[in-house]
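Participant: show me how the following folds:
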Amino acid sequence: MRNLVLVLALSALAAPAFAQTAEETEKAVDCLALTEVANDNRSVPDTAQIRQWRSIVETSPFCKQAEQGVEYRVEEYRNALRAADETRRFALELMIESEAEKCVSGAMTTSYERGV
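Facilitator: Model (predicted):
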């Protein structure tokens, strides 16, 4: 019996993060897109938090949509940067880097929490 409990406990710890809600998946998509775009200008460390977002996207029941969401969001950010004048581009880059840092630290809020 003790072995069964030990096996169950270890398997629970080894299981990848699984997005239980669409909101968690959306948060992961936001963070992965922001960090990818921020990496265009400077290196964002591949932290445990970023790996957790990646795992959520990969294991989400909304997986295909989530992966496409990351690609779409990255392209959306890059298009906004390309279309902006120099001053606005600088402000956008700062915002993207700031949000990416929040993602890396785990302080990122979802678009639902931000009221977007």
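Participant: host element of the residue positioned nearest the centre of the chain?
Facilitator: Closest to where the C-alpha atoms of the chain average out (Cα atoms, centre = their mean) is residue 31, at 2.6 Å. Following DSSP states H and E, one finds residue 31 within helix 22-38.
Participant: pull out the buried residues from the following helix or strand past that helix.
Facilitator: Next in sequence after helix 22-38, counting helices and strands by DSSP H and E, comes helix 48-59. Of the residues in helix 48-59, 49, 50, 53, 54, 55, 56, 57, 59 count as buried by neighbour count, 16 or more other Cβ atoms under 10 Å. (Glycine included, C-beta is placed from N, CA and C.)
Participant: quick one, grab the pLDDT at the nearest residue to the first one once chain neighbours are set aside.
Facilitator: Right, residue 49. For residue 49, ignoring the flanking residues on the chain, the nearest one in space by Cβ to Cβ, 6 or more residues apart in numbering is residue 106 at 4.9 Å. What the model reports as pLDDT for residue 106 is 70.
Participant: ok so, going back, burial of the closest residue to the residue nearest to the centre of the chain other than its chain neighbours, as a residue count?
Facilitator: Once flanking residues are discounted, residue 31 sits nearest to residue 103: 3.6 Å by Cβ to Cβ, 6+ apart. Using other Cβ atoms under 10 Å, residue 103 has 24 other residues around it.
Participant: what's the angle from the host helix or strand of residue 103 to helix 48-59?
Facilitator: Using DSSP H and E, residue 103 sits within helix 86-105. Angle between the axes of helix 86-105 and helix 48-59 is 90 degrees (criterion: axes from the mean of the first three to the mean of the last three Cα atoms, to 10 degrees).
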